[in-house]
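**Student:** dropping a prediction and its sequence here:
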Amino acid sequence: MERKNPIVQIKHVSKSYRRGSQIVPVLNDITVDINEGEFLALMGPSGSGKSTLLNLIAGIDRVDSGSILVDGVEITGLVETELANWRANHVGFVFQFYNLIPVLTAFENVELPLLLTRLTRKERKKHVEIALAAVNLSHRLAHYPAQLSGGEQQRVAIARAVVTDPTILVADEPTGDLDRKSAEEIMDLMDGLNRELGKTIIMVTHDPRAAQKAYVIRHLDKGVLNDVHHQNSV
Amino acid sequence: MITTSGMALVVFVFATILMLVQGLQQTLVQTGFEDNLIVIRRASGSEVQSGIDRYQASIIETDSAVASGSDGERFLAKEMVVLITLPKKGHAGSSNVTLRGVTKKSLELRPQVKLVKGRMPNAGSTEIITGQSLVRRFDGVNIGESIRFGKRDWTVVGAFDAGSTGFNSEIWGDSDQLMQAFRRPVYSSVLFRLRDHDDFDAVKVRLESDPRLTVDIKREARYYEEQSEVMAKFLRILGISITVIFSLGAIIGAMITMYTSVANRIGEIGTLQALGFQRTSILGAFLVEALLLGLAGGITGLVFASLMRFVKISTVNFQTFSELEFGFALSFEIVCMVLAFALIMGFAGGVLPAIRASRMNIVDALRES
Ligand SMILES: Nc1ncnc2c1ncn2[C@@H]1O[C@H](COP(=O)(O)OP(=O)(O)OP(=O)(O)O)[C@@H](O)[C@H]1O
Ligand SMILES: [Mg+2]
């Protein structure tokens, strides 16, 4: 396996939550690199801190100690507003429950992150159409989330996640709420994004079938990251 | 929806009170004619309490500031005002009505008063004419009918229209006849047209300092404005108290709506924040929503309030104790005030929920979805 650039560098990151007077340690001195173009599946038992780690990488949660660099930017050192701007430019999110805005159409949902860019209306339209075509939903532009199946909604969410061409794509159990067939479609899409477009994808999943598409699998247990399982090496 | 109607109700109350005060003031201010001066006994406050004897009246009559009428005579009217009670139409009660003893010049001095039916009362007769608003509200005051007061029967021989002025609720009769009937030796007021608009200060000083007279002299417009001040103030205080109480309710309603709206969209708020929207944008969005809520309530309330323009109210003016009819008047200032008020209500109701929405922790918010 050739040596690649680490795009995400996690150094000695610890994180605990406070539950009442009790302190619950979640992540314990985690150090790991994620390479550019890698498709990483984070697995592990429930409550092991997978989501917490993903949220820290995506810049929506704060570390207690340690640092995280993404593409050379130390995001653990950014203030709130800078972090929001950084997310807008560098992170694409795919959630378990799609998290589409119900009052907006598929088109508008995908356009949403582009509103934070300098793109003109016309340019935005073009980008949105390309992104929705990439997830095979060109025929559903004007549909509202409630008018779409779960699989279709997640495809819209993927289009929203990639429309800004982010540095990393984070997905927390993207197939957790889907039937097997839809889940396979989603995984094929993610696989395509990774293989064809070289997207770095960090995905949390419980589903071994989903994890199989990834070519690095790491297990998180009791706040400690275990050994790497390489597979599907390209 | 409920919040909007609640706000609309408050706005309606607020707007109608303002419109009422405006209507009252318009009515009373229009009653006065700018270049007419009214002379009443010093510190008497109103015509009803005033008394000016014949000798004093003649001193005023010969003052150089009094204009000449079209016929060359002094453009002046020595009038008497008393209150009588008349039975109201329809329902049982009765109400005070202003009875004005007038002279030849009384009508001409008041261009806003026009005889619309019949004729003026003949001098020396027990004839009267009645204002149009009075005709609508009281019995026995139509042309040809007669009513009894001052131990005599008085026949209605004409009707006058005084627009939305206070005169429209009056009965006019011959001054000398009425003074006899009510055994009043003195006039109530002297009204005259100023020869020159700028003479006011001079004539005021001259007459008020004349040792033979103890009078106050005012522009007629100012006089009627003063007559409405206590009432306007009362309406304003009443209106504002009601509005304050109601608006507290509406603000709480708006707050509940906005909190619900925030609670229902916690997941969306978290998503937007994750996508990189700033907290300030989220705060702004919720504030805009609250303001729109307020505006919707404001416009709805105003629309209903504006329908009140077709309603007329008659009530007793505390200062003159006479029945007065007036309407609701809408002005540009009122519209602005009311809309500003509605926006403030929306803002007050929305600001806390909006802050809550913008302060939300992203991870916690996302968990809610
Ligand atoms: N905001 C929070 N406050 C308190 N405790 C929290 C918070 N977020 C997470 N935790 C706790 O941290 C631990 C790890 O949570 P996390 O969501 O990262 O687990 P996970 O591996 O994603 O689990 P699952 O597979 O069930 O999603 C859990 O014990 C959880 O209860
Ligand atoms: Mg999780």
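**Tutor:** Received, thanks. Residues are numbered from 1 along each chain as shown, chains lettered A, B, ... in the order given. Ligands and ions are numbered 1, 2, ... in the order given.
**Student:** end-to-end on stretch A:162-170?
**Tutor:** Distance across stretch A:162-170, first residue to last, is 10 Å (Cα to Cα, to the nearest Å).
**Student:** centre of the chain to it, how far?
**Tutor:** The chain centroid and the centroid of stretch A:162-170 are separated by 8 Å under Cα atoms, centre = their mean, to the nearest Å.
**Student:** contacts for it, please.
**Tutor:** A:7-8, A:34, A:54, A:57-58, A:70-71, A:88-94, A:110-111, A:113-114, A:117, A:127-128, A:131, A:134, A:161, A:190, A:193, A:197, A:199-203 (Cβ atoms under 8 Å, 6 or more residues apart in numbering or on different chains). Heads up, the C-betas are built off the backbone N, CA and C, glycines and all.
**Student:** chain B next: which of the residues you listed are close?
**Tutor:** A:58, A:88-89, A:91, A:93, A:113 (Cβ under 8 Å from any Cβ of the partner chain).
**Student:** and the strands in chain A?
**Tutor:** Using DSSP state E, the strands found in chain A span residues A:6-19, A:22-35, A:39-43, A:65-70, A:73-74, A:91-94, A:168-172, A:200-204, A:216-221, A:224-230.
**Student:** of these, which shows the lowest average pLDDT?
**Tutor:** Of all the strands of chain A, mean pLDDT reaches its minimum on strand A:224-230 (a mean of 72).
**Student:** quick revisit: which among the contacts of stretch A:162-170 end up buried?
**Tutor:** Among the contacts of stretch A:162-170, those that count as buried by neighbour count (16 or more other Cβ atoms under 10 Å in any protein chain shown) are A:7-8, A:34, A:54, A:57-58, A:70-71, A:88-94, A:110-111, A:113-114, A:127-128, A:131, A:134, A:161, A:190, A:193, A:199-203.
**Student:** circling back to that earlier point, can the strands of chain A go into a markdown table with extra columns for distance to B:Met360?
**Tutor:** Output for the strands of chain A, formatted as a markdown table (distance: least, Cβ to Cβ, whole Å):
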| stretch | distance to B:Met360 |
| --- | --- |
| strand A:6-19 | 17 |
| strand A:22-35 | 21 |
| strand A:39-43 | 26 |
| strand A:65-70 | 23 |
| strand A:73-74 | 25 |
| strand A:91-94 | 16 |
| strand A:168-172 | 18 |
| strand A:200-204 | 22 |
| strand A:216-221 | 27 |
| strand A:224-230 | 30 |
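**Student:** which of these sits closest to B:Gly301?
**Tutor:** B:Gly301 sits nearest to strand A:91-94 of all these, at 42.8 Å, using Cβ to Cβ.
**Student:** which strands or helices does the closest one pack on?
**Tutor:** helix A:150-162, strand A:168-172, helix B:266-274 (3 or more Cβ pairs under 8 Å, 6 or more residues apart in numbering or on different chains; DSSP states H and E).
**Student:** residues from chain A in reach of ligand 1?
**Tutor:** A:17, A:19, A:24, A:26, A:44, A:46-52 (Cβ under 6 Å from any ligand atom).
**Student:** point to the residue nearest the middle of chain A.
**Tutor:** A:Val170 (0.9 Å; Cα atoms, centre = their mean).
**Student:** quick one: that residue from A:Arg218, how far?
**Tutor:** 14 Å (Cβ to Cβ, to the nearest Å).
**Student:** try B:Val116
**Tutor:** Distance from B:Val116 to A:Arg218, by Cβ to Cβ: 97 Å.
**Student:** repeat for B:Gln273
**Tutor:** B:Gln273 is 27 Å from A:Arg218, by Cβ to Cβ.
**Student:** neighbour count for those two, which is higher?
**Tutor:** The neighbour comparison of B:Gln273 against A:Arg218 (other Cβ atoms under 10 Å in any protein chain shown) goes to B:Gln273, with 24 against 20.
**Student:** doesn't A:Gly59 make contact with that one?
**Tutor:** No. Contact criterion Cβ atoms under 8 Å: B:Gln273 and A:Gly59 do not qualify, at 10.7 Å.
**Student:** phi, psi of the residue lying farthest from the centre of chain A?
**Tutor:** The C-alpha centroid of chain A is most remote from A:Ser21, which lies 32.2 Å away (Cα atoms, centre = their mean). With angles defined as degrees, to the nearest 10, A:Ser21 sits at phi -90, psi -10.
**Student:** end to end on stretch B:44-57, go ahead and measure it.
**Tutor:** 16 Å.
**Student:** what's in contact with stretch B:359-369?
**Tutor:** With contact meaning Cβ under 8 Å, 6+ apart, stretch B:359-369 is reached by A:55, A:60-61, A:95, A:97, A:99, B:266-271, B:273-274, B:279.
**Student:** and residue 78, what does it touch?
**Tutor:** Reading this off chain A. A:59, A:86.
**Student:** oops, I was thinking of chain B
**Tutor:** Applying Cβ under 8 Å, 6+ apart, we find B:Lys78 in contact with B:52, B:57, B:61, B:103, B:175, B:187, B:189-190.
**Student:** tell me the secondary structure for the closest residue in space to A:Arg87 that isn't next to it in sequence?
**Tutor:** Excluding its sequence neighbours, the residue lying closest to A:Arg87 (Cβ to Cβ, 6 or more residues apart in numbering or on different chains) is B:Gly276, at 4.3 Å. Of the three states, B:Gly276 takes coil according to DSSP: H, G, I helix; E, B strand; the rest coil.
**Student:** show me what contacts B:Gly276?
**Tutor:** A:84-89, A:91, A:113, A:116.
**Student:** and those, which is closest to B:Arg309?
**Tutor:** Nearest to B:Arg309 among these, with distances taken as Cβ to Cβ, is A:Leu116, at 48.5 Å.
**Student:** could you report the neighbour count for the closest one?
**Tutor:** Using other Cβ under 10 Å: A:Leu116 sits among 18 other residues.
**Student:** for it, what are its contacts?
**Tutor:** Counted by Cβ under 8 Å, 6+ apart, A:Leu116 has contacts A:85, A:88, B:275-277.
**Student:** how near is it to A:Glu82?
**Tutor:** The value you get for A:Leu116 to A:Glu82, if Cβ to Cβ is used, is 14 Å.
**Student:** same question for B:Thr271.
**Tutor:** 20 Å.
**Student:** same deal with A:Glu108?
**Tutor:** Where A:Glu82 is concerned, A:Glu108 sits at a distance of 27 Å (Cβ to Cβ).
**Student:** pLDDT score assigned to A:Thr117?
**Tutor:** At A:Thr117, pLDDT is 91.
**Student:** whichever residue of chain A sits closest to chain B: what's it in contact with?
**Tutor:** Chain B sits closest to A:Ala88 of chain A, with a gap of 2.5 Å, by Cβ to the nearest Cβ. For A:Ala88, the contact set (Cβ under 8 Å, 6+ apart) comprises A:113, A:116-117, A:164, B:275-277.
**Student:** about what we covered before: any chance of the contacts of A:Leu116 in TSV, plus pLDDT?
**Tutor:** Shown next, in TSV, are the contacts of A:Leu116 (pLDDT from 0 to 100):
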residue	pLDDT
A:Asn85	93
A:Ala88	93
B:Leu275	93
B:Gly276	93
B:Phe277	93
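**Student:** nearest to ligand 1 among those?
**Tutor:** Using Cβ to the nearest ligand atom, B:Leu275 is the member of the contacts of A:Leu116 that lies nearest ligand 1, at 19.9 Å.
**Student:** shouldn't that closest one be in contact with A:Val110?
**Tutor:** No. Contact criterion Cβ under 8 Å: B:Leu275 and A:Val110 do not qualify, at 11.1 Å.
**Student:** so what sits against both of these two?
**Tutor:** With Cβ under 8 Å, 6+ apart, B:Leu275 and A:Val110 have common neighbours A:Arg160.
**Student:** alpha carbons only: can I get the longest strand belonging to chain B in PDB?
**Tutor:** Assignment by DSSP E gives strand B:76-87 as the longest strand of chain B. The C-alpha trace of strand B:76-87 is given here as PDB (Å, rounded to 0.1, in the frame of the first residue of the first chain):
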ATOM      1  CA  LEU B  76     -71.300  88.800  15.900                       C
ATOM      2  CA  ALA B  77     -73.800  86.600  17.700                       C
ATOM      3  CA  LYS B  78     -74.800  86.800  21.400                       C
ATOM      4  CA  GLU B  79     -75.800  83.300  22.200                       C
ATOM      5  CA  MET B  80     -77.200  81.400  25.100                       C
ATOM      6  CA  VAL B  81     -76.500  77.700  25.800                       C
ATOM      7  CA  VAL B  82     -78.400  75.400  28.200                       C
ATOM      8  CA  LEU B  83     -78.700  71.700  28.500                       C
ATOM      9  CA  ILE B  84     -82.000  69.900  28.300                       C
ATOM     10  CA  THR B  85     -82.800  66.300  28.500                       C
ATOM     11  CA  LEU B  86     -84.500  64.500  25.600                       C
ATOM     12  CA  PRO B  87     -85.700  60.900  25.400                       C
END
